[in-house]
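Engineer: the sequence and its predicted three-dimensional model are supplied below.
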Amino acid sequence: MTSEYPIELINLRKEYGAFVAVDDLSLKIKKNSFTGLLGPNGAGKSTSLKILTNLITPTSGTVELNGINVNKNPWEALLTVGTVVETPEFYLYLTPKETFRYLGQLLGMSSESIKYETDTILEKVKMTQWADKKLGTFSKGMRQRIALGQALLNNPDIIILDEPTSGLDPRGMAEMREILKTLRSGSKELTVLMSSHMLHEVSDLCDHVAMVDHGKLLVHDEIDKILGDSESRTVIVKTVEKADNSIIEKISELSNVVNARLYDNGIEIRFKGGKAEQMDLFNALADLHITVYSMSEDSNALENKYLSLIKDSR
Ligand SMILES: Nc1ncnc2c1ncn2[C@@H]1O[C@H](COP(=O)(O)OP(=O)(O)OP(=O)(O)O)[C@@H](O)[C@H]1O
């Protein structure tokens, strides 16, 4: 199964009575991408993901996973898909090992493969030391990590996540994001679609973004391209030496730099261009003997784009 677009929504529509929750939504998710489905509350994100995972049926339109129609052939379509879409209900008196054994048996896995996958997955979701403790004693963050773990059990090539960090405390969110980043950097082919309404989360984890509002698609592209569309982008640079106004003056004169200013123990630089220009900027700073130890995208850039699109759609 080598579809170029493992996840496809085609003219999807979902009505709840007279209310249209998903409105002619078409979206093709590229193989091996990590796509954030971004939109405000009520935008239709969960509804779309529930249709994709066959929890609800569309009013019209089709969804396909690896080219297989989900509503017509759900078992086959979801065979190699891992999902965390509704808060999973676990048996709280079972341990993670027992839970995975039970789920592995339901999936028809052999005991050797269940054992191997359980050990590997518990390591991935950083729950090895809790392997034999009952789920009833776990925090929400730990249960969510087990939920992600169960989604990995069938060795999926597609993962669909509905707000995986929702309801977690800051530490739980950070842990979950770290795990998702590790999954992403793994060598295996993997396409991830994850809903979120947190812009910094999407810009931190995803390489593509699909923005929706009122059940309609507003934009779908690589995050870099979306940001590159803007006149300029902003990075926050942290330097080893304390930055002062003479450094700011030198940076302001560099090509592509729109302006630079001291910002929160670092330097905020607004410049024109994309990744290539960002690399040029990095090298130019080195030529000025400015030792940069971090350069991060200002998440406001994505936020500004998002807010302008949402405003236009209302
Ligand atoms: N079973 C239902 N019956 C009626 N309306 C529903 C139902 N499920 C969802 N809706 C409505 O459909 C719209 C889209 O809901 P959905 O849960 O898909 O949004 P969302 O983008 O996931 O939002 P959130 O970020 O708040 O989870 C909302 O206005 C919601 O109230």
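Structural biologist: Received it, and whenever you're ready, just let me know what you need. Note that the structure is a prediction, hence the values are computed from the model and not measured.
Engineer: report the buried residues of the longest helix that the chain contains.
Structural biologist: Scanning the chain for the longest helix, with DSSP state H as the assignment, gives helix 170-185. Across helix 170-185, burial judged by 16 or more other Cβ atoms under 10 Å covers 172-173, 175-177, 179-180, 183-184. Glycine gets a C-beta too; all of them are placed from N, C-alpha and C.
Engineer: give me the average confidence score over the strand or helix carrying Ala210.
Structural biologist: Under the criterion of DSSP states H and E, Ala210 resides in strand 208-213. Mean pLDDT, strand 208-213: 94.
Engineer: okay if I get the buried residues of helix 170-185 as TSV plus pLDDT?
Structural biologist: Shown next, in TSV, are these (pLDDT from 0 to 100):
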residue	pLDDT
Gly172	88
Met173	90
Glu175	90
Met176	91
Arg177	92
Ile179	92
Leu180	92
Leu183	86
Arg184	79
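Engineer: what is the nearest of those to the ligand?
Structural biologist: Met173 (15.6 Å; Cβ to the nearest ligand atom).
Engineer: any idea how far the closest one lies from Gly215?
Structural biologist: 27 Å (Cβ to Cβ, to the nearest Å).
Engineer: swap in Leu79?
Structural biologist: 28 Å.
Engineer: same question for Asp287.
Structural biologist: 50 Å.
Engineer: comparing the two, which shows the higher neighbour count?
Structural biologist: Gly215 (23 against 8; other Cβ atoms under 10 Å).
Engineer: that one against Gly42, yeah?
Structural biologist: No - Gly215 lies out of contact with Gly42 (Cβ atoms under 8 Å); the separation is 9.1 Å.
Engineer: before we move on, the earlier item: hmm, who's touching the longest helix of the chain?
Structural biologist: Residues outside helix 170-185 that contact it (Cβ atoms under 8 Å, 6 or more residues apart in numbering) are 34, 124-126, 139-141, 144-145, 148, 152, 159, 161, 164-165, 168, 190, 192, 194, 201, 204-205.
Engineer: if you set the cut-off to 6 Å instead, what comes out?
Structural biologist: 34, 125, 141, 164-165, 205 (Cβ atoms under 6 Å, 6 or more residues apart in numbering).
Engineer: correct me if wrong: Val219 contacts Val212.
Structural biologist: No - if you go by Cβ atoms under 6 Å, Val219 and Val212 don't touch, sitting 9.2 Å apart.
Engineer: those two - which one has more neighbours?
Structural biologist: Between Val219 and Val212, Val212 has the larger neighbour count (other Cβ under 10 Å), namely 26 against 15.
Engineer: local confidence estimate at the residue sitting furthest away from the middle of the chain?
Structural biologist: Distance to the chain centre peaks in the chain at Ser246, reaching 39.8 Å (criterion: Cα atoms, centre = their mean). Looking at Ser246, its pLDDT reads 88.
Engineer: any idea how many residues pack against Lys134?
Structural biologist: Counted with other Cβ under 10 Å, residues neighbouring Lys134 total 15.
Engineer: repeat that for His220.
Structural biologist: Look at His220: counted by other Cβ under 10 Å, it has 18 neighbours.
Engineer: Ala174 versus that one, what's the distance?
Structural biologist: Taken as Cβ to Cβ, the span from His220 to Ala174 is 27 Å.
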